[in-house]
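Trainee: Structure, please.
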Amino acid sequence: MWPFTREAYPEVKLEKTENEYDYIICGGGTAGCVLANRLSANPSTRVLVVERGPIADSWTSRVPLFSSDFASDGSRTYIRPSESQGKLASKSFDLYSGRVLGGTSRINQMIYSRGLPAEYDAWRDAGRVGWGWEDMKPYFLKSERANYKGDASVHAQTGEWHNSTSEDFEFRGFNKTITACENLGLPYIDDINSPSHPPFGCGRLHFTRDSNAYRNSTFHAFLPKKLVIQRKKNLHICTGSIVEKLEIDARRNVRGVHLASGRVTKLVRAAGEVVLSAGPFASPQILMLSGIGPAHHLKELDIPIIKNLPAVGSNLEDHLGVSIAFRAPMKDSLLSLERSIWVFFVEFFRYILFGTGMLLAPVLQLAIFTSSQFLDTRGVPTKTKLASSKSVPDIEIMPMAYDSGDSKKWDKSKGVYSFLNVLLHPKSKGSVKLTSRDPTASLNIDLNYLSDQSDFGPLRAALRLTLRIRDNMRALGYPLVDWEVPAGEDDGALDDFIRRPTRNRSTYHYSSTCRMAPEDDKDGGGVVDDELKVHGLKGLRVADSSVFPWVLGAHLQAPTVAVAEKCADMMLQEARKLA
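Mentor: I've put the predicted structure just below:
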């Protein structure tokens with residue numbers, strides 16, 4: 001299981017980079033690693049990847065539990081504070097993203113979730129040519145290496161990016177949850193990533209772990225040391241460097257990137273294209289620092305306006321989560337690992353010897369999807385309305401063998417089993433704005449949670465369903481004791497619980513700040529076209545979750561990789577046409 005060699009990972013200091021490359025990738029995160037792999041496959045194509053964070057490839061950074069942000073030392077994480085949220089007791093949320101090569105895929109919960117075909121078909125039906133399910137499916141399959149038997153039309157085993165699933169649940173609460181869901185009419189789904197599965201039900205999650213039980217981030221999958229050494233003549237990876245702004249000529253051609261690392265600054269030119277894959281916060285930041293964004297905002301900071309593009313930094317969406325928590329037997333909770341040194345040593349050796357146990361990060365193993373319109377006033381699924389292939393869930397419930405709330409300090413003397421109730425299709429939209437012309441300055445990030453009153457409805461329905469699942473689990477003999485629960489089930493009591501600062505949280509699924517739509521789109525404007533090219537600029541694309549027309553009802557790392565795959569394919573096709 002030891003993945004390391006003595007040879008250092010090949011990286012290039014800023015002062016040693018070439019003066020020009022064919023492609024410059026700004027951001028070596030979840031999407032950037034994919035782009036780097038695909039664009040550098042031709043040895044005659046020169047590619048530069050610029051990443052703000054380090055490589056930081058230690059053993060613990062590959063162990064699933066130790067590498068997850070909540071259990072790590074935080075050195076691979078960028079934590080930004082949000083603006084105070086008026087609808088949520090003026091709470092400021094901590095916004096997490098990866099600050100390391102591989103980005104958030106190095107610190108997340110490793111969930112591999114595509115979302116239903118109807119999610120992408122909705123993009124297509126909104127006018128996004130080439131972005132329906134049948135268009136996107138090949139890009140999911142291209143990179144996938146599923147380490148389990150599955151339908152070959154649904155899963156691939158030949159790609160670089162591993163995903164796995166566990167044969168059994170680590171904690172018995174998950175089995176009881178499945179039975180409770182089935183009793184309520186929510187079926188068990190064998191494969192939540194199969195496009196043919198029912199739109200509503202519960203299913204075992206897939207995780208981006210390799211066959212050695214290591215985290216398989218996009219860094220490990222797409223930019224492994226061996227590949228980068230093989231391509232060291234045409235693929236350069238520059239870590240610890242900041243993108244200050246883009247170099248743009250009078251005809252709005254993007255000619256290069258101004259970079260900084262410590263006291264070293266350098267303009268690196270692009271013979272071909274520049275791609276922003278810095279994520280939903282930094283990609284709009286780079287655009288605005290370069291004079292591309294809302295004119296009134298740029299004027300406030302005396303930034304010369306290259307292109308007035310109001311949608312840059314707008315339309316920010318995230319999945320807000322609200323946690324109900326219960327006391328459960330300690331042996332059925334990940335807390336047992338924290339509370340007993342003997343449990344820790346047993347689990348450590350289970351992982352080292354067999355690649356199993358709690359160090360696989362089993363706190364989250366199951367997901368429940370449904371739609372609030374199919375729940376009655378008590379939260380019970382109804383059979384009066386039948387779901388169709390076009391139905392999409394608007395709520396997800398994630399059972400966890402831990403507290404999924406946002407308390408900094410809480411009583412850990414008893415086991416915990418919780419349910420995180422997630423709003424999948426929010427109507428509320430936030431924004432990202434600059435606070436300074438300094439690229440290292442903090443950002444003004446306003447999530448604007450629950451600013452649209454209609455977002456309360458699905459969350460209330462999810463909370464009621466969670467309480468019905470609790471009732472069924474108790475009826476099955478599982479000892480759940482109320483701990484952090486609503487005072488009642490009327491709308492007022494549920495809304496008070498939704499607003500409770502210790503129970504609501506971000507799920508870190510930020511998107512749409514550089515959304516793909518026409519510049520004058522009635523639903524919030526757009527920043528990039530259907531080929532991910534920035535409106536009004538030449539030689540510039542964006543490829544990360546910021547381009548989503550709206551947030552998908554899924555966990556975002558797999559869709560982000562598919563976007564990067566599609567972007568690279570479009571860029572290479574265009575290069576062949578011009579050759």
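Trainee: When you work out contacts or count neighbours from here on, use the C-alpha atoms and nothing else.
Mentor: Will do.
Trainee: List the buried residues of stretch 345-353.
Mentor: Residues 347-348, 351-352 are the ones in stretch 345-353 that count as buried (16 or more other Cα atoms under 10 Å).
Trainee: Output the below-cut-off pLDDT ranges for this protein.
Mentor: 1-7, 71, 383-390 (pLDDT under 70).
Trainee: Going by the annotation, which residue ranges form each domain of it?
Mentor: The chain breaks down by automatic domain parsing into domains covering 1-156+214-317+508-579, 166-204+319-429+450-507.
Trainee: The shortest one: how far from the chain's middle?
Mentor: Using Cα atoms, centre = their mean, to the nearest Å, the distance from the centre of domain 166-204+319-429+450-507 to the centre of the chain it belongs to is 19 Å.
Trainee: Ok, stretch 427-441 next?
Mentor: With Cα atoms, centre = their mean, you get 19 Å for stretch 427-441.
Trainee: Give me the distance between the two termini of it.
Mentor: Using Cα to Cα, to the nearest Å, one end of stretch 427-441 lies 29 Å from the other.
Trainee: which residues does V50 contact?
Mentor: Taking Cα atoms under 8 Å, 6 or more residues apart in numbering as the criterion, V50 is in contact with 24-28, 237-239, 241-243.
Trainee: and if we set it to 6 Å?
Mentor: Contact analysis of V50 by Cα atoms under 6 Å, 6 or more residues apart in numbering lists 26-27, 238.
Trainee: Include distance to V481 when you put the residues you listed into TSV, please.
Mentor: Output for the contacts of V50, formatted as TSV (distance: Cα to Cα, whole Å):
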residue	distance to V481
C26	49
G27	46
C238	52
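Trainee: Go through the longest helix anywhere in the chain and flag the buried ones.
Mentor: Identified as the longest helix of the chain according to DSSP state H is helix 557-578. By 16+ other Cα under 10 Å, the buried positions in helix 557-578 come out as 557-569, 571.
Trainee: still on that earlier bit, quick one: closest of the domains of the chain to N444.
Mentor: domain 1-156+214-317+508-579 (6.6 Å; Cα to Cα).
Trainee: For Y188, which residues are in contact?
Mentor: Listed by Cα under 6 Å, 6+ apart, the contact partners of Y188 are 201-203.
Trainee: And T77, by the same measure?
Mentor: T77 makes contacts with 97-99, as judged by Cα under 6 Å, 6+ apart.
Trainee: Could you dump the residues you listed into a markdown table and include secondary structure?
Mentor: Shown next, in a markdown table, are the contacts of T77 (DSSP: H, G, I helix; E, B strand; the rest coil):
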| residue | secondary structure |
| --- | --- |
| S97 | strand |
| G98 | strand |
| R99 | coil |
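Trainee: ranges for the helices of the protein?
Mentor: When assigned using DSSP H, the helices of the chain occupy the ranges 30-39, 64-67, 117-125, 133-143, 172-183, 218-222, 225-230, 279-289, 295-300, 335-339, 341-354, 456-475, 491-499, 557-578.
Trainee: Only C-alpha atoms, please: export the longest one in PDB.
Mentor: Extracted as PDB, the C-alpha positions of helix 557-578 are listed here (Å, rounded to 0.1, in the frame of the first residue of the first chain):
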ATOM      1  CA  GLN A 557     -16.700  16.600  -7.900                       C
ATOM      2  CA  ALA A 558     -17.700  14.000 -10.600                       C
ATOM      3  CA  PRO A 559     -19.700  16.600 -12.700                       C
ATOM      4  CA  THR A 560     -16.700  19.000 -12.400                       C
ATOM      5  CA  VAL A 561     -14.400  16.400 -13.800                       C
ATOM      6  CA  ALA A 562     -16.800  15.700 -16.600                       C
ATOM      7  CA  VAL A 563     -16.900  19.500 -17.400                       C
ATOM      8  CA  ALA A 564     -13.100  19.500 -17.500                       C
ATOM      9  CA  GLU A 565     -13.000  16.500 -19.800                       C
ATOM     10  CA  LYS A 566     -15.400  18.100 -22.200                       C
ATOM     11  CA  CYS A 567     -13.500  21.400 -22.100                       C
ATOM     12  CA  ALA A 568     -10.200  19.700 -22.900                       C
ATOM     13  CA  ASP A 569     -11.900  17.800 -25.800                       C
ATOM     14  CA  MET A 570     -13.400  21.100 -27.200                       C
ATOM     15  CA  MET A 571     -10.000  22.800 -27.000                       C
ATOM     16  CA  LEU A 572      -8.200  20.000 -28.700                       C
ATOM     17  CA  GLN A 573     -10.800  19.700 -31.400                       C
ATOM     18  CA  GLU A 574     -10.400  23.500 -32.100                       C
ATOM     19  CA  ALA A 575      -6.600  23.200 -32.200                       C
ATOM     20  CA  ARG A 576      -6.900  20.400 -34.800                       C
ATOM     21  CA  LYS A 577      -9.100  22.600 -37.000                       C
ATOM     22  CA  LEU A 578      -6.600  25.400 -36.800                       C
END
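Trainee: Settle this for me: S277 is touching A543, isn't it.
Mentor: Yes - between S277 and A543 a contact is recorded at 5.2 Å, counting by Cα atoms under 6 Å.
Trainee: Count the residues that sit near the nearest residue to P294 once chain neighbours are set aside.
Mentor: Closest residue to P294 apart from its sequence neighbours, by Cα to Cα, 6 or more residues apart in numbering: P310 at 4.0 Å. Applying other Cα atoms under 10 Å, we find 19 residues neighbouring P310.
Trainee: returning to that earlier point: out of the helices of the chain, which comes closest to P54?
Mentor: Using Cα to Cα, the helices of the chain put helix 218-222 closest to P54, at 11.7 Å.
Trainee: So what touches the closest one?
Mentor: Counting by Cα under 6 Å, 6+ apart, 30, 33-34, 37, 102, 160-161 sit against helix 218-222.
Trainee: excluding its backbone neighbours, what's nearest L447?
Mentor: Excluding its sequence neighbours, the residue lying closest to L447 (Cα to Cα, 6+ apart) is G430, at 4.4 Å.
Trainee: do the same with L186
Mentor: Counting by Cα to Cα, 6+ apart, G201 is the residue found nearest to L186 once chain neighbours are left out, at 4.4 Å.
Trainee: Then D318?
Mentor: Spatial nearest neighbour of D318, chain neighbours left out: Y510 (4.7 Å); criterion: Cα to Cα, 6+ apart.
Trainee: Just give me the neighbour total for the one you found.
Mentor: Per other Cα under 10 Å, the neighbour tally for Y510 reads 24.
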